[in-house]
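Student: next comes the sequence, and after it the predicted model I'd like to discuss.
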Amino acid sequence: MELVGTDTDQFHPEPNRIDDESLRVTTSRGCVPQRVRIHGSSARAAPRSRKALFWGRHMIRASELSDWFTRKPHAVHNIEAIEFRGERRHTEIIDFIGGPNWYTDSFGVQWRKYRYTQIDRYNGTTFSHGHLNAMTFDEPQVFNGQTVLEIGSGAGRYTDHLVDRAAQVISVDPSAIGINVALGAPNLIPVRGDLFDLPVRREMIDVVFCRGVVQHTGNTRRAIKRLFDYVKPGGTVLFDVYSLKWFTPFYAKYWIRPLTRRISTQSFIPFAEKWVPRLLRIKRRYVMPLLPNNKLGAKIAAQIVPIADFTSNTVLTPELRIEWSVLDTVDMYTPRYDRPMSWNGVMKTLRCVGAREIRGDYGLFCFKATAPS
């Protein structure tokens with residue numbers, strides 16, 4: 001079972017190699033085509049004679065990187081002709097990895113395919129906005145006028161809201177930062193980096209926001225601890241994690257994942273797109289009528305047909321219900337790691353780092369804490 005040994009002490013990523021695929025920017029659904037030039041790679045191309053970073057309409061010279069980071073990046077990726085909310089922008093991605101991040105590659109493939117699926121201004125919902133507020137325990141003003149470090153931004157479903165609230169957003173993702181929908185925002189610093197090795201100056205960071213990330217690392221406990229290394233003393237840390245309860249090891253997905261995670265995401269997505277809609281119909285027609293029409297019945301059905309199911313969501317269009325179901329099924333079965341944590345385990349970890357004013361939501365399994373002074 002995959003849940004055995006979830007709290008390993010060491011994290012050993014494979015050696016990096018240069019791979020442009022990890023920063024490929026694709027176009028779909030009317031997105032403006034983007035041309036990418038890569039500068040400063042240690043494996044190729046001499047550095048530019050004039051090093052300057054353009055974020056939105058603002059230019060920040062490379063010498064000013066030291067204001068935000070403690071070391072030089074491996075590379076700077078220049079993205080031209082990007083569209084941000086109807087305006088043409090130019091931006092550059094600061095790369096502290098330099099090559100592929102092997103254990104997050106599946107997410108890069110996933111978000112390139114479903115870049116706009118969960119973005120509020122594209123799907124016509126406020127789901128991401130609501131999730132963001134829930135993570136703050138209905139205190140969204142925690143972001144107002146602050147410098148926010150977002151770790152694990154994916155396609156930017158939360159970045160798109162954070163740039164409207166915070167004074168400065170440093171958004172970090174190891175595999176999908178190049179397709180973040182908020183690229184081009186004047187107060188956004190996009191960074192390609194790994195949660196365990198972010199060279200940010202913690203004294204500059206007021207809030208760390210990390211959703212849907214720590215359980216997909218090699219060491220969940222260590223990942224939570226690292227969040228507090230990136231925020232100033234007295235700053236705020238917001239994160240969530242998959243919940244580990246006594247029955248979690250019996251979930252069908254944890255018995256299936258050892259097989260599916262060996263399948264490339266590129267191969268699994270077409271499989272999911274073909275079979276998830278069919279399995280949803282089977283579930284509705286033949287499984288649900290045999291079970292109680294309550295929460296228990298829904299949970300049993302989810303184990304008999306172990307795929308994500310958004311068909312009961314009346315806010316989404318019928319097409320988006322299927323697309324969200326496919327996306328979340330891919331997210332269930334393709335990541336390298338899926339390591340939940342118990343409530344007591346999270347609280348023990350927070351006490352270990354000296355966190356104060358700890359708040360937790362047992363239903364959403366999200367947490368808010370103040371970093372020790």
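Tutor: Everything's here; your move.
Student: now Gly271: closest residue in space that isn't a chain neighbour?
Tutor: Quick fix: residue 271 is Phe, not Gly. Ile263 (7.8 Å; CB to CB, 6 or more residues apart in numbering). Backbone N, C-alpha and C define where each C-beta goes, glycine included.
Student: what's the answer for Ala155, then?
Tutor: According to CB to CB, 6+ apart, the nearest residue to Ala155 is Trp111 (4.4 Å).
Student: who's in contact with that neighbour?
Tutor: By CB atoms under 8 Å, 6 or more residues apart in numbering, the contact set of Trp111 is Gly154, Ala155, Ser175, Ala176, Ile179.
Student: was I right to think Phe365 contacts Ser243?
Tutor: Yes - counting by CB atoms under 8 Å, a contact exists between Phe365 and Ser243, whose distance comes to 4.4 Å.
Student: what residues are shared contacts of the two?
Tutor: Counting by CB under 8 Å, 6+ apart, the contacts common to Phe365 and Ser243 are Trp343.
Student: look at the two and report which has more neighbours.
Tutor: With other CB atoms under 10 Å as the criterion, Phe365 and Ser243 differ in neighbour count, and Phe365 comes out ahead with 20 against 16.
Student: who's in contact with that one?
Tutor: With contacts taken as CB under 8 Å, 6+ apart, Phe365 has the following neighbours: Asp240, Val241, Tyr242, Ser243, Trp343.
Student: helices of the stretch 1-150 of the chain, start to end?
Tutor: Listed in chain order, the helices found in the stretch 1-150 of the chain under DSSP state H, counting those that start in this stretch are 105-113, 120-123, 127-135.
Student: just name the most buried of those.
Tutor: When neighbours are counted by mean count of other CB atoms under 10 Å, the highest per-stretch mean among the helices of the stretch 1-150 of the chain falls to helix 105-113, a mean of 22.
Student: before we move on, back to that, PyMOL command for the buried members of the contacts of Phe365?
Tutor: Remark: buried members of these, expressed as a PyMOL selection using 16 or more other CB atoms under 10 Å:
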select buried, resi 240+241+243
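Student: export the contacts of Phe365 to TSV and append columns for pLDDT.
Tutor: TSV is the format used below for the contacts of Phe365 (pLDDT from 0 to 100):
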residue	pLDDT
Asp240	98
Val241	98
Tyr242	98
Ser243	97
Trp343	98
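Student: closest one to Phe84 out of the contacts of Phe365, please.
Tutor: Using CB to CB, Asp240 is the member of the contacts of Phe365 that sits closest to Phe84, with 27.4 Å.
Student: distance of the closest one relative to Asn187?
Tutor: Distance check for Asp240 against Asn187: by CB to CB, to the nearest Å, it reads 24 Å.
Student: determine which two of the contacts of Trp111 are furthest apart.
Tutor: The most widely separated members of those are Ala155 and Ser175, with 10.9 Å between them, by CB to CB.
Student: that older thread, just the ones of the contacts of Phe365 in strands?
Tutor: Counting by DSSP state E, the members of the contacts of Phe365 that fall within strands are Asp240.
Student: return the closest of the contacts of Phe365 with respect to Thr217.
Tutor: Thr217 has its nearest neighbour among the contacts of Phe365 in Val241, at 10.2 Å by CB to CB.
Student: related to what we said a few turns ago, confidence score at the residue nearest to Ala155?
Tutor: Reading off the confidence values, Trp111 has pLDDT 95.
Student: cool, the one 4 residues further on as well?
Tutor: Model confidence at Arg115, expressed as pLDDT, equals 95.
Student: with Ser267 instead?
Tutor: In the prediction, the pLDDT value recorded for Ser267 is 96.
Student: ok, how many other residues are close to it?
Tutor: 11.
Student: any figure for the gap between it and Ala355?
Tutor: Here the distance between Ser267 and Ala355 works out to 41 Å (CB to CB).
Student: surely the residue nearest to Phe271 is in contact with Thr334?
Tutor: Yes - here Ile263 lies in contact with Thr334, judged by CB under 8 Å, at a distance of 7.3 Å.
Student: compare the two (neighbour count), which wins?
Tutor: Neighbours were counted for Ile263 and for Thr334 using other CB under 10 Å; Thr334 has more, 25 against 14.
Student: hmm, Ser267 and the more buried one touching each other?
Tutor: No - counting by CB under 8 Å, Thr334 sits too far from Ser267 to count as a contact (9.6 Å).
Student: contacts only, for the nearest residue to Thr260 once chain neighbours are set aside.
Tutor: The spatial neighbour of Thr260 that comes closest, neighbours along the chain excluded (CB to CB, 6+ apart), is Tyr333 at 3.9 Å. Contact analysis of Tyr333 by CB under 8 Å, 6+ apart lists Lys253, Ile256, Arg257, Thr260, Arg261, Phe268, Ala272.
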